[in-house]
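Chemist: Got a sequence here, can you build the structure:
(one chain, ligands or ions: 2)
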Amino acid sequence: MLNYQPSVTNSKTTDPRFELSDAARYFYRQDWMVGTAGNLSARLPDDSFWITASGKAKGELSTSDFVRVTLTGEILERASANIKPSAETIIHQVIYSLFPAAQACYHVHSIEANLVSHFTEKLNLLLPPLEMVKGLGVWEENPQVAIPIFENHLEVPQIAAEISDRFSTQLPQVPALLIRNHGVTVWADSLTSARNYVELIEYIFRYMVAARQAGIF
Ligand SMILES: CSC[C@@H](O)[C@@H](O)C(=O)COP(=O)(O)O
Ligand SMILES: [Zn+2]
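Modeler: Residues are numbered from 1 along each chain as shown. Ligands and ions are numbered 1, 2, ... in the order given. Now for the predicted structure:
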């Protein structure tokens with residue numbers, strides 16, 4: 001396994017913190033990372049990952065607003081000792097552990113994600129068979145795709161344990177999960193794809209809310 005070299009990360013092309021900051025600013029402008037909501041991470045070649053520090057305004061992140069942690073949550077690098085990794089780091093740990101190809105994990109809070117999380121009380125929410133579903137990797141005619149839903153426990157490790165337990169026996173159809181009354185988390189094999197997945201899933205959620213209002217889904 002390659003060792004992560006901090007000395008080569010001081011450039012925009014190799015340090016994922018720049019792209020994570022850009023993505024957060026974009027999501028903030030979409031109203032999906034309002035205030036300090038949400039967290040973004042990117043895996044490094046040594047399996048550690050940079051994750052947004054807890055409680056930072058997501059519209060104005062800089063490289064010092066990230067913490068590098070191991071897959072078990074041990075802190076490896078941060079700008080100062082009073083910066084903590086995201087309160088939801090353990091969910092990213094679970095995703096990177098379960099999905100070795102995942103290079104980025106993005107979690108945002110949108111109004112539509114919270115609304116659609118009430119469209120079912122079941123463990124999975126059926127998505128409409130929109131063309132957009134292909135962008136999430138499902139190339140089927142009239143796809144019957146569901147996104148897994150988890151309860152929003154106060155204790156984040158409990159959410160993470162439920163994700164780990166369920167996905168260990170039942171892989172999700174799409175690289176995304178919904179936490180009821182909270183928001184969506186996606187993962188992808190690149191930062192660009194993770195950003196696209198957030199946009200696609202949020203489009204689908206917007207459609208679902210509009211379709212419900214129109215009485216067609
Ligand atoms: C706006 S508070 C939201 C937090 O409780 C949490 O859900 C969240 O997404 C951001 O937490 P953070 O610790 O900054 O990564
Ligand atoms: Zn959150």
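Chemist: Report all helices and strands that the lengthiest helix in the chain contacts.
Modeler: As far as residue count goes, and with DSSP state H defining each element, the longest helix of the chain is helix 191-214. Packed against helix 191-214, as judged by 3 or more Cβ pairs under 8 Å, 6 or more residues apart in numbering; DSSP states H and E, are the following elements: helix 16-29, strand 104-108, helix 111-116, strand 183-188. Heads up, the C-betas are built off the backbone N, CA and C, glycines and all.
Chemist: which of the ones you listed sits most buried?
Modeler: Among the helices and strands packed on helix 191-214, judged by mean count of other Cβ atoms under 10 Å, the one packed with the most neighbours on average is strand 104-108 (a mean of 27).
Chemist: quick check: angle from that one to helix 16-29?
Modeler: Relative orientation of strand 104-108 and helix 16-29, computed by axes from the mean of the first three to the mean of the last three Cα atoms, to 10 degrees: 20 degrees.
Chemist: tell me how far strand 104-108 is from the chain's mean position?
Modeler: Its chain's C-alpha centre lies 2 Å from the corresponding centre of strand 104-108 when counted by Cα atoms, centre = their mean, to the nearest Å.
Chemist: tilt between it and helix 191-214?
Modeler: Using the same axes, to 10 degrees, the interaxial angle of strand 104-108 with respect to helix 191-214 works out to 30 degrees.
Chemist: Neighbouring strands of strand 104-108 in the sheet, and parallel or not?
Modeler: Strand 104-108 has the following sheet partners, assigned by DSSP bridges: strand 39-43 (antiparallel), strand 183-188 (antiparallel).
Chemist: I'd guess Asp47 is in a helix, am I close?
Modeler: No. Secondary structure of Asp47, determined by DSSP: H, G, I helix; E, B strand; the rest coil: coil, with no helix assignment.
Chemist: No further queries at this time; thank you.
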